[in-house]
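Visitor: Got a sequence here, can you build the structure:
(2 chains)
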Amino acid sequence: DTGVSQDPRHKITKRGQNVTFRCDPISEHNRLYWYRQTLGQGPEFLTYFQNEAQLEKSRLLSDRFSAERPKGSFSTLEIQRTEQGDSAMYLCASSLITDEAFFGQGTRLTVV
Amino acid sequence: AQKVTQAQTEISVVEKEDVTLDCVYETRDTTYYLFWYKQPPSGELVFLIRRNSFDEQNEISGRYSWNFQKSTSSFNFTITASQVVDSAVYFCALSEEWANDMRFGAGTRLTVKP
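Guide: Reported below is the predicted structural model:
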């Protein structure tokens, strides 16, 4: 395990469809984060897990978004009824409690 | 509220020039962490450095150096003798002690020309 992996790398979907992304963190990391990044901007925090507990959600995370981390291992981020404004890069990161976060390569979502 | 400002949107230099990327932050906390990440064209954010608010010593790592000044709320990043492979977007970020997220600046796109 050399880093955080995300799947898929790219996703094109029609408006109104549901999409799900997966993140596999570094195995010993107990914290997992989801960020969203739009063109020309820095990543924006969406939510974070400590082990399997989702401890914080940003106001950016509307009701159409849901994230899970069963058993404190991998995590999924689902977007229901996608909108064009959801087009962005979705980044996953993991860390130990007091350490820096390591990011995956992201999933680029395009809603057409 | 925490905030990070990277005033330089884009910088272009010629190889072997030195370049400094500016980062100014705002926070009310006395304990916080500052970060720099590099995002090459491949898209993955690469961790460069983490600094806590009580450690104002400047850091040097090879061609990279960081200058942390609490008096001006700045955490600037200098690349000495830049190389084409340094071309990327660089992000500065801030995390407050009790926060669970990092707040990123908008990034500075660095282009190093041969």
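
Visitor: Report the closest residue of chain B relative to chain A.
Guide: With C-beta to the nearest C-beta, the shortest gap between chain B and chain A falls at B:Phe104, namely 3.1 Å. C-beta here means a position set from N, CA and C on the backbone, and glycine is covered the same way.

Visitor: separation between A:Arg69 and chain B?
Guide: Distance, A:Arg69 to chain B, by C-beta to the nearest C-beta, to the nearest Å: 14 Å.

Visitor: err, A:Gln84, not the other one
Guide: In this view, A:Gln84 and chain B are 21 Å apart by C-beta to the nearest C-beta.

Visitor: Any idea which residue of chain A lies closest to chain B?
Guide: Using C-beta to the nearest C-beta, A:Gly42 is the residue of chain A that sits closest to chain B, at 3.1 Å.

Visitor: and that residue, which of the three is it?
Guide: coil (DSSP: H, G, I helix; E, B strand; the rest coil).

Visitor: nearest residue to it other than its sequence neighbours?
Guide: Counting by C-beta to C-beta, 6 or more residues apart in numbering or on different chains, A:Gly42 lies nearest to B:Phe104, which is 3.1 Å off, once chain neighbours are set aside.

Visitor: residues touching that neighbour, list them.
Guide: A:42-44, B:4, B:37, B:91-93 (C-beta atoms under 8 Å, 6 or more residues apart in numbering or on different chains).

Visitor: sorry, back to before: report pLDDT for the residue of chain B closest to chain A.
Guide: At B:Phe104, the pLDDT value in this model is 94.

Visitor: what is it paired to in the beta sheet?
Guide: Counting by DSSP bridges, B:Phe104 is bridged to B:Ala93.

Visitor: Quickly check: stretch B:50-66 near chain A or not.
Guide: Yes. Interface with chain A: stretch B:50-66 contributes B:Arg50 (C-beta under 8 Å from any C-beta of the partner chain).

Visitor: list the buried ones in that stretch?
Guide: Under the neighbour-count criterion of 16 or more other C-beta atoms under 10 Å in any protein chain shown, stretch B:50-66 has B:50-51, B:53, B:64-66 buried.
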